[in-house]
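Participant: When you get a sec, could you give me coordinates for this:
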Amino acid sequence: MSELFKEHLVKKEPTAKDTLLKFGSIILTVLFLAAGLLLHPIFLIPGIVLGIVAYVVILPNTDLEYEYLLVNHSLDIDKVMAKSKRKKLKSYDLSGADIIAPLNSSRMDYYNSNTNMKVLDFSSGNPEHKRFAFVIRDDGAATKVIFEPDEAMATTLRQSMPNKCFLD
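Facilitator: Below is the predicted model of the structure:
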């Protein structure tokens, strides 16, 4: 029996919040360091702490990529931060999904209008790209997972699960 194997990497586009966090932390760090050099050395401590936090936490989390790894019916989603650190986010067995379809498909209307459903977005965030969603039970609750497969991965999903996956 042959295994299905596809992988795809999607770069998350920076949001206004990401840009504000990135430049705000840099500006605050520079201001505290300048105040520590010019006014009083006590300002150096928060400047150094903020600089370390910005370098270790804030800046890598504003440069994100999502990697999808499809093996048979298992979809693993990893987060790659600043092209250097990798973190496994979720693993889904897509054979338990209710539906897999484009996010703006009429087949997803019922799920898109459900405001009680938990939504996880592992896509680029660009509404102009063809983003897909699947609905699955995660920790006992119905969850809509948004992702952005390439054409080959979408076709593979359609061929392996023709009654659950739709490409329209």
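Participant: residues contacting the residue most central in space within the chain?
Facilitator: When the chain is reduced to its mean C-alpha position, the nearest residue by CA atoms, centre = their mean turns out to be Phe122, at 3.0 Å. By CB atoms under 8 Å, 6 or more residues apart in numbering, the residues touching Phe122 are Val10, Tyr66, Tyr68, Ile77, Leu89, Lys90, Val145, Ile146, Phe147, Glu148. Every residue, glycine included, has its C-beta placed from N, CA and C.
Participant: how about a cut-off of 7 Å?
Facilitator: Counting by CB atoms under 7 Å, 6 or more residues apart in numbering, Phe122 touches Tyr66, Ile77, Leu89, Val145, Ile146, Phe147.
Participant: Kindly report the same for Phe23.
Facilitator: So, once contact is read as CB under 7 Å, 6+ apart, Phe23 ends up touching nothing.
Participant: go on, Glu13?
Facilitator: Glu13 touches Ser124, Gly125, Asn126, counting by CB under 7 Å, 6+ apart.
Participant: List buried residues within those.
Facilitator: For the contacts of Glu13, a burial check counting by 16 or more other CB atoms under 10 Å picks out Ser124, Gly125.
Participant: If we go by neighbour counts, what in the top helix by length along the chain is buried?
Facilitator: When the chain is parsed with DSSP state H, its longest helix is helix 16-38. For helix 16-38, burial by neighbour count (16+ other CB under 10 Å) applies to Asp18, Leu21, Lys22, Ser25, Ile26, Thr29, Phe32, Leu33, Ala35, Gly36.
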